[in-house]
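A.B. asks: coords please:
(one chain, ligands or ions: 1)
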Amino acid sequence: MGQGQRQRKDRRWTVAETVIEVKGLGRTFGNHRALDGVNLTLERGTVLGLVGQNGAGKTTLIKHLLGLLRAEEGTVRVFGKDPVADPPGVLSRIGYLSEEGDLPMWMKVEELVRYSAAFYPGWDQQYCDTLQKEFGLSSSAKLGSLSKGQRARAGLLVALAFRPELLLLDEPSSGLDPIVRRDILGAIIRTIADEGRTVLFSSHLLAEVEQVSDRVVMVQAGKVVLDEELADVKETHHRIEIAFEQAVAAPIIEGAFGWQCEGNRWTAICRADIEDIQLAVDKSGGRLIRTVGVSLDDIFMARSGSKLG
Ligand code: ATP
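C.D. replies: Residues are numbered from 1 along each chain as shown. Below you'll find the predicted structure:
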């Protein structure tokens, strides 16, 4: 169980509160379908890991949540509001860190802090000072002269210091060293530890997603192909290995995907009860050699035919 899940389970939610509600979202760039009928609901207090290959549509989805793109098809609601129609009502409650950072490079850290604080009535300067110290960011350092990792920390500092209700992180650990990644993960966990905070972060580091997420959403070519509680994903997916007397075509097992063959043995990832798998294997004339648990990476590989990152 991820740390996020553990902390979430410790909390007592009386009424589920919807923070994000996306229905039938579609977006086309030229003749490229970047998002295709995306549905997504995110409840308060959840940490959601958004995964998918480069170009799958993750950033495009996040841009819609921020109101940077208007829904061509479908609807987007954040805190019950349309982010395009009511930017202050939505953006004042979102902490956002983009893949690129998007920081004004000519500013010093202290200027970035002052500038950002002015936007948010709920800015918590004490928390900001604590984080800045923790991140080892000098007030007088110019953003343009910082390393990529330090810049990511500066972006994170101003995304967190007003204690946002929703934290959106687009590939927060992309290209960063393990220490900065640990800071970022720590920040996610700290944020959710604050009662009622919600986090959506996209990542290609599936081991990290597994560590902190309550829920995982997998996007492929603009479509959501998996949207589930992480604990359920882990519980219901198995790697299966089946042996036959001689080489045969891939057996038909309901819920199995990503088949691979070596001689007279077939392996796949299967989403089904072990008993049902056993029955289907018996029916196919094969022998079930083993079933083992799988990582998110295994599931992703089997679904997409390639590795992330
Ligand atoms: P990455 O992991 O590389 O950031 P992603 O999953 O975030 O990928 P998006 O950036 O959402 O993917 O892009 C989805 C698709 O839409 C890609 O094929 C991309 O080239 C295309 N796309 C995104 N924005 C635009 C744009 N403004 N104009 C044209 N095509 C775009």
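
A.B. asks: is Gln211 within a helix or a strand, and which one?
C.D. replies: With elements taken from DSSP states H and E, the one containing Gln211 is helix 206-212.

A.B. asks: who does the next helix or strand after that helix touch, helix- and strand-wise?
C.D. replies: Heading C-terminal from helix 206-212, the first helix or strand you meet, by DSSP H and E, is strand 215-220. Contacts defined by 3 or more CB pairs under 8 Å, 6 or more residues apart in numbering; DSSP states H and E place strand 215-220 against strand 32-43, strand 47-51, strand 223-229, helix 230-236, helix 296-304. Using the backbone N, CA and C atoms, a C-beta is placed for each residue, glycine as well.

A.B. asks: these: which one's closest to the ligand?
C.D. replies: Closest to the ligand of the helices and strands packed on strand 215-220, according to CB to the nearest ligand atom: strand 32-43, at 3.5 Å.

A.B. asks: direction included, what does that closest one pair against?
C.D. replies: strand 18-29 (antiparallel) (DSSP bridges).

A.B. asks: quick one, the partner strand and strand 47-51 angle?
C.D. replies: Between strand 18-29 and strand 47-51, the angle comes out at 20 degrees (axes from the mean of the first three to the mean of the last three CA atoms, to 10 degrees).

A.B. asks: return the residues of this protein in contact with the ligand.
C.D. replies: Proximity of the chain to the ligand, by CB under 6 Å from any ligand atom, involves residues 29, 32, 34, 52, 54-60.

A.B. asks: circling back: winner for burial among the helices and strands packed on strand 215-220?
C.D. replies: strand 47-51 (a mean of 27; mean count of other CB atoms under 10 Å).

A.B. asks: and the helices in this protein, which stretches?
C.D. replies: Under the criterion DSSP state H, helices of the chain are mapped to 3-10, 58-65, 87-91, 109-117, 125-135, 148-160, 178-193, 206-212, 230-236, 274-284, 296-304.

A.B. asks: any chance of those in a markdown table with mean pLDDT as columns?
C.D. replies: Below are the helices of the chain laid out as a markdown table (pLDDT from 0 to 100):
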| stretch | mean pLDDT |
| --- | --- |
| helix 3-10 | 48 |
| helix 58-65 | 96 |
| helix 87-91 | 89 |
| helix 109-117 | 94 |
| helix 125-135 | 92 |
| helix 148-160 | 88 |
| helix 178-193 | 75 |
| helix 206-212 | 85 |
| helix 230-236 | 90 |
| helix 274-284 | 91 |
| helix 296-304 | 84 |
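
A.B. asks: so which of those helices is nearest Val22?
C.D. replies: Among the helices of the chain, helix 58-65 comes nearest to Val22, with 7.2 Å by CB to CB.

A.B. asks: what helices or strands is that closest one leaning on?
C.D. replies: If you count contacts as 3+ CB pairs under 8 Å, 6+ apart, helix 58-65 packs onto strand 18-29, strand 32-43, strand 47-51, strand 73-78, strand 166-170, strand 198-202.

A.B. asks: related to what we said a few turns ago, Serialize the helices of the chain to CSV and add fields for distance to Val224.
C.D. replies: Compiled in CSV, those are given as follows (distance: least, CB to CB, whole Å):
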stretch, distance to Val224
helix 3-10, 20
helix 58-65, 9
helix 87-91, 22
helix 109-117, 33
helix 125-135, 33
helix 148-160, 25
helix 178-193, 22
helix 206-212, 15
helix 230-236, 13
helix 274-284, 25
helix 296-304, 12
